[in-house]
Each structure stands twice: as C-alpha cells, then as structure tokens.
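Got a sequence here, can you model it:
(chains A and B)
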Amino acid sequence: MKPFTTVEGVAAPLPASNIDTDVIMPKQFLKGIDRSGLARGAFHDLRFDAAGAERPDFVLNRPPWRQACFFVVGQNFGCGSSREHAVWGLGQLGVRALIGTSFAGIFSDNCARNGLLAVTVGEQDIGALMERASDPARASFTVDLPNQEIAAADGYLVRFEVDPMRKEALLQGLDAVGSTLRRQDEIRTFERSHFQENPWLA
Amino acid sequence: MPRARARTLYDKLVDSHVVRKLDATGDQVLLYIDRTVLNEYTSPQAFTGLREAGRSVWRSGAALGVVDHVNPTAARRTAAMPDSQSARQVAYFAENCRDFGIELFDVLHPQQGIEHVVMPELGLVLPGMVIAAGDSHTTTYGALGALGFGIGASDIEHYLATQTLIYRRLKPMRVRVEGSLGAGATAKDVVMALIRNIGASGAVGYAIEFAGSVIRALSVEGRMTICNMAVEAGARGVVIAPDETVFRYIRERPRAPTGDLWNRGVEHWSKLGSDENAAFEREVLLRAEEIQPMVSWGTSPDQAAPIGEAAPDPAQEPDPDRRRDMARALDYMGLRPGTPLTAIKIDRAFIGSCTNARIEDLRAAAAVIRGRHVAKHVRAMVAPGSSSVRRAAEQEGLDRVFTEAGFEWRQSGCSMCLAMNDDVLGAGERCASSTNRNFEGRQGAGGRTHLMSPAMVAAAAIHGHLVDARTA
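Purely as a prediction, here's the structure:
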C-alpha cells in the first residue's frame, strides 16, 4: 500500500448525493480475477458514451479536472455494492483522497485498506471546497495528513478529524493481515473459549 | 453490586466476539467472525493475496463458496458461462476452493443459489453468530438473530487468513414497526417506507434493530427481506431478536445443530435481546396502518412513493441539492414531474434477488397471476432465489402458474438484480423489479428500474404498467 503523507493536486467537484459503486465501477469491469485494468472503468458510463468516445461535458474529461487527484463529493458517496473494484479503480485513475460529508460504511473501509484517504468535513466546509473545486483557477488543493489539513490555492484552510488507527496505517502503508497475524495466539485462545461457550459453532 | 450497563442486542453480539480492543475506548476491536460465504466475483483478489503471501485459510470449514453472480439463469442448466471472463472467474473460484479446502456449490450443484438465500436455508446461519461476507446484502442474517455485514476483498483476505476483522462499532438505532399491516402491504413495503422516511444515508454509521408487533408477526423470510434491504438506508448492521419463529425455521434445516447441541443452543439464543433499558441513539417509529404498497420512481432507493402517488416535481422541492438530484433522476428515468405512478408503462418484469425470491415471495406473485396472462409487450422472468426454492415451487405447481401466465421460469442466480450475467436490460428499457437497487445502469446501461414487492411486479407484468396489486 502506497503511504499517504502530503499530496498536492487538482480537486474535482462531484456534488451529487448517493453516488453508488455501480456508477463508480460498472458491472462490465467486475469480471477480472486481479486488481488491474480498472482505471478505464472508473465512472466509465459517465466518462464514455456507448461507442467508447469521451463525453466532453463530464467534469473528469475537462481540464484541469482530468488530472484530478482529489474528489470533493456529495453525501453518502460509495453507497451500494461492496465491490472493492470501485476503490481500486479510483486509485488507478490517480485519486488519492476523497473529501465529503459522509461515506458509505463498506466503501469507507475499502478506502482505508487501499491507502485512499476519505476525509469527512462539515456542511459549511464542503460547500466552500466544492465552490473552489468547481473553479479551475482555484481547484488546486494540498491535503496534509500528518497535520490533518486541507488547503485550497487561495489559502482557505480546513482542519479535519481522522481516526488515529487509520491515520497510522495510511502514513505507513501497513499490511493489516500481517499485523493481525502477530496476534494469532490471542485469536486461538479466544476461539477455544468461544467454542466452549457456543459448542454448536465448533 | 453495581448493575451492569444495559446493552442492546447489537452490543451483545459484538461484545461476545471481541478478541481484543484496538484503542483505548474499545470503539475499534479485533472481531472474531464465525462464518462466511464466498462468491466468484468478490473473492478472487482475496485468494490471490493469500497465495502471494504464502498464507493459509484459518478455518476452511467456516466458509462456503457459492457461484451466483455471473452464471446464466437459462432454464436448461449447463456449466457454461456467458463469456470467457466469467468462465475464468468461476474456474479460479473452483481452484481456490479446492486448494484451500472450502466447500463449493458450483452452478450444477443441487443446492446452488444466491448466497444469502442458500446460507439460511441450509441452517448455516444461527442466532448469536457474527458473519461477514463479500457482499453488502449480508445484513440479511439479522433476521435470524445473527449480525451480518458486508466487506470488501481486502477484508475477505483478512478474514480468511485470521478469522477476524478490524471492526469499528456502530451506533445503535431502533426501528419499531407497530400496529398491523393492511392487506397487500408486505415486508418489502415496510423497508421501502423506512428508506423513504430516513433517506439512503439515514442509517450510515448505525446498526438497526427492528422491533415491534409487525416484525414479531412476520415470517423469517419477511424479516430477511427487511434486514436485507435496510443496507440501502446505509445500515452496516441489522438485527432482530430471535424468537420461536426463528427457532422453528432453523430446526428443520439440514445443517442445523441437533440433539443436545440444539437444546443448548435454543436455551442460549432465547436470552438474546436488547436489555429493557438499553439506550438507542436514534429511534424511528413506523405505523403499519400508514404503509402502502411502494414503488421507486428514481435512481436511489429512497426515491420511492406509495403506488397511489405521482412522480415528484423538482420545482416544489425547497432543498437545492435534493432538487438537483431529483431532476437528474427523473431525467434518467424518462419521467415527467407529476406523472401518476400507475401511468408508467413497463417493458420488463423481474422477480428475483436475495431480497425477494424465496418461496413465500413466489407464492405471493403466483397468487396475483393465477389464471391471467402477462401483457403482450412485456417480457417477464422469475429467477428463484435458490435451486432448492425452485424445486419447492415446482412441487407446489407454481412453475406452471408462472409459465402459463407467460413468465419465463428460470434457474437460480443473482441474474438481473445486477446484470453481471446475460440477463440485462437494454438502454431505455423499463423494468418492474423485486430487487433492491434502482441505481443508474444497475440492470443494464441505460436501463430503468422500479423497485417493488413481488406481488406488485406480478400485477405490473399482467397490466403492462405499474398498478396497485390490491385492486388490479
């Protein structure tokens, strides 16, 4: 997992509420057995028409946002299906952080497991950031995870909260499975007593 | 002696599975997971991760593999997949299950079906369990007094390697449904009414406990519909206290515990419930008498209304964000503001999915269409929730009711709920569907989905347009 510290780049506005993982990664891109080749799939049906040509009106096809590494998003972003392909695709498209008022639960966990920072900020801040992201002249942001700050090009500054465990994992690019396996004796001990109390599970 | 803090059922299910706290408050824990079910499309990257790291599966007997998402549902069942990529997913799934010692129901297995239909009908979901699986509709298992929730592929890998997950506790919400449902109002209408009421993000960060006289009176299958679809309000965990109805349902299942283990289980499970004084951060009350048959008009499950209403007018919506989302949804759905919902003509009708394709759902739909025929311009399909449901329906003669009415009687799978196989809506096609998501493109690029109960789908198929099944 690629560590996240301080990242600078363009932010794209995606203000609609409830953008679901079917829209983020449509079904035709779910047929692989690995994580690769998903950059084209990200927002595919909004970025491309039925013939595969770019839709020129869609924000991610327009400068400067086609280089966006941040999305400023509407509430409940990532709702719906558990497909982690949505997060892999955003990562492969070059997206490093999402900034919104709320994220769907499974999607939020999937982001954390893949080094994609999902920042939750208040209504007022999201309005201010959405306005700046929508203006090509002001759409450059700096996201500073160690200091938990988002700075827009015009100096507008937003402090954000982040779960300390997630922050640590993002900063270091930790492998969660390896960390948990260091506790395997504890898991075995728990499992033995769990099966004693619930013998129908053994 | 001080009294223990009053706890919710959700708290108790989590507490009993905590291997250790991961932070000072205990909000984040290493959570033991009792069981999982795997499918061919969300699991391959998890197995690849294990292979690359040279890791084994902690407890292979606690996992079941089921092919359900990509397989065709054509009446004549073969092992062939609709395309080479799907064939490769299914082959890799079989290889993974074999190499890691996991039982597999492949497409030709007599008990193949949609994972969340198969698990309860086998008796693999027991009260008090915590089950995590690579599919958002794992919340279904709340109907049996278990905590079920969906996870992504990285967490499937974490589960397979360690039997645990890094878990953050949710806030407790209680939804009471009191009174008694009117004729023609179903479990699907209850959950659609809830989602409309609290919104598609209304339960983000919460675990919902459903309670009240309506829930108590519902069958286990009806409760499964509610728990299944509550995830469309954002609930990552859903529970219902187990009762006699649940114990009766499980007892006859082929893999349920027997003898002394069964008796000890029931004794333990009978005590599972929220303490009387347990505090919920949010309470919602639904009055059953007010719940009408619901249909969705938009592209989010909260964009729904009772069948007697009309498509909304964005101009009347004061909130600018909601107005923008509403206008976009109506545009995608090809609906003019103010169109009565009963005036919406359909091209397709689909009865299927882990939400509404169990035997009671098929009976309810069959009761509407018996002796009638699907409208000429409508293509109608039934994809039973599992191969076992399909056989049970055939024993009752329901297959003939459907086929004589002009429905296609298909094999089991997720099918057109998410259209990963060859059951797909064409661009602009409009479908009455007993499924759970009306997202843009969900049933096919440009396809238009209206969610509703199986009986309402059946009535729409007969009339060729959305209609109130109570009077149609």
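
Which positions in the stretch 251-400 of chain B make contact with chain A?
By CB under 8 Å from any CB of the partner chain, the residues of the stretch 251-400 of chain B that approach chain A are B:257, B:261-262, B:264-265, B:268, B:300, B:302, B:321-322, B:324-325, B:328. All C-beta atoms are positioned from the backbone trio N, CA, C, and that covers glycine.

Please repeat the previous calculation with a cut-off of 7 Å.
Residues of the stretch 251-400 of chain B found near chain A (CB under 7 Å from any CB of the partner chain) are B:257, B:261, B:264-265, B:300, B:321, B:325, B:328.

Using PyMOL, make a named selection holding only the buried ones among these.
Of those, the buried ones go into a single PyMOL selection, burial set by 16 or more other CB atoms under 10 Å in any protein chain shown:
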select buried, chain B and resi 257+265+300+325
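
how near is the residue lying closest to residue B:335 once chain neighbours are set aside to residue B:293?
Among residues not flanking residue B:335 along the chain, residue B:311 sits closest, at 4.6 Å (CB to CB, 6 or more residues apart in numbering or on different chains). For residue B:311, the distance to residue B:293 (CB to CB, to the nearest Å) stands at 16 Å.

Which of those two has more residues huddled nearby?
It is residue B:293, of residue B:311 and residue B:293, that has more neighbours when counted by other CB atoms under 10 Å in any protein chain shown, with 25 against 22.

coming back round to it: check the contact between the residue nearest to residue B:335 and residue B:334; I expect there is one.
No. Between residue B:311 and residue B:334 there is no contact, the gap being 10.3 Å when judged by CB atoms under 7 Å.

Look through chain A and tell me its longest helix.
In chain A, assigned by DSSP state H, the helix with the most residues is helix A:184-197.

residues in contact with that helix?
Applying CB atoms under 7 Å, 6 or more residues apart in numbering or on different chains, the contact partners of helix A:184-197 are A:201-202, B:19-20, B:32, B:162-164.

Among those residues, name the ones in strands.
B:19-20, B:32, B:164 (DSSP state E).

And the buried ones among these, selectable in ChimeraX?
Typed into ChimeraX, the line below selects the buried ones among the ones in strands among the contacts of helix A:184-197, using 16+ other CB under 10 Å:
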select /B:19,32,164
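
Would you map the helices across chain A?
Using DSSP H, helices in chain A cover A:21-24, A:44-47, A:85-93, A:105-113, A:123-133, A:164-172, A:176-181, A:184-197.

Make a markdown table out of those and add mean pLDDT and mean neighbour count.
What follows is the helices of chain A, written out as a markdown table (pLDDT from 0 to 100; neighbours: other CB atoms under 10 Å in any protein chain shown):
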| stretch | mean pLDDT | mean neighbour count |
| --- | --- | --- |
| helix A:21-24 | 98 | 25 |
| helix A:44-47 | 96 | 19 |
| helix A:85-93 | 98 | 25 |
| helix A:105-113 | 96 | 26 |
| helix A:123-133 | 97 | 18 |
| helix A:164-172 | 90 | 16 |
| helix A:176-181 | 92 | 17 |
| helix A:184-197 | 98 | 13 |
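
Export those helices as TSV, with columns for distance to residue B:239.
Converted to TSV, those look like this (distance: least, CB to CB, whole Å):
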stretch	distance to residue B:239
helix A:21-24	24
helix A:44-47	36
helix A:85-93	27
helix A:105-113	15
helix A:123-133	31
helix A:164-172	25
helix A:176-181	25
helix A:184-197	19
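
show me what contacts residue B:74?
Residue B:74 neighbours (CB under 7 Å, 6+ apart): B:410-411.

tell me the secondary structure for it?
When classified by DSSP: H, G, I helix; E, B strand; the rest coil, residue B:74 comes out as coil.

ditto for residue B:403
Following three-state DSSP, residue B:403 is assigned to helix.

Name the surrounding residues that touch the longest strand along chain B.
In chain B, assigned by DSSP E, the strand with the most residues is strand B:171-178. If you take CB under 7 Å, 6+ apart as the criterion, strand B:171-178 is touched by B:8, B:10, B:190, B:194, B:203, B:205-215, B:280-288.

For the residue most central in space within chain B, list the residues it contacts.
Computing the C-alpha centroid of chain B and ranking residues by CA atoms, centre = their mean puts residue B:228 first, at 3.3 Å. Listed by CB under 7 Å, 6+ apart, the contact partners of residue B:228 are B:116, B:137, B:139-140, B:354-355, B:436.

residues contacting the residue in the stretch 251-400 of chain B positioned nearest to chain A?
The nearest approach of the stretch 251-400 of chain B to chain A comes at residue B:257, 4.0 Å away (CB to the nearest CB). Residue B:257 sits next to A:200, B:265 when contact means CB under 7 Å, 6+ apart.

Which helix or strand contains it?
Here residue B:257 is covered by no helix or strand, with elements defined by DSSP states H and E.

Average pLDDT for whichever strand or helix holds residue B:399, rounded please.
Taking DSSP H and E as the definition, residue B:399 sits inside helix B:398-404. For helix B:398-404, mean pLDDT rounds to 98.

Report the buried residues of it.
By 16+ other CB under 10 Å, the buried positions in helix B:398-404 come out as B:398-399, B:401-402.

following it, which helix or strand comes up?
Where DSSP H and E defines the elements, the next helix or strand beyond helix B:398-404 is strand B:407-409.

what helices or strands is that following strand leaning on?
In terms of contacts (3 or more CB pairs under 7 Å, 6 or more residues apart in numbering or on different chains; DSSP states H and E), strand B:407-409 is packed against strand B:379-382, helix B:398-404.

Can you give the contact residues for that strand?
Residues from elsewhere that reach strand B:407-409 (CB under 7 Å, 6+ apart): B:75, B:374, B:380-382, B:399, B:402-403.

Can you get me a residue count around the closest residue to residue B:426 other than its chain neighbours?
The shortest distance from residue B:426 to any non-neighbouring residue, by CB to CB, 6+ apart, is to residue B:444 (6.3 Å). Neighbour count for residue B:444, taken as other CB under 10 Å: 21.

Angles on the backbone of residue B:444, please.
Backbone torsions of residue B:444, given as degrees, to the nearest 10, read phi 140, psi 140.

And residue B:433, how close does it get to residue A:117?
Residue B:433 sits 36 Å away from residue A:117, going by CB to CB.
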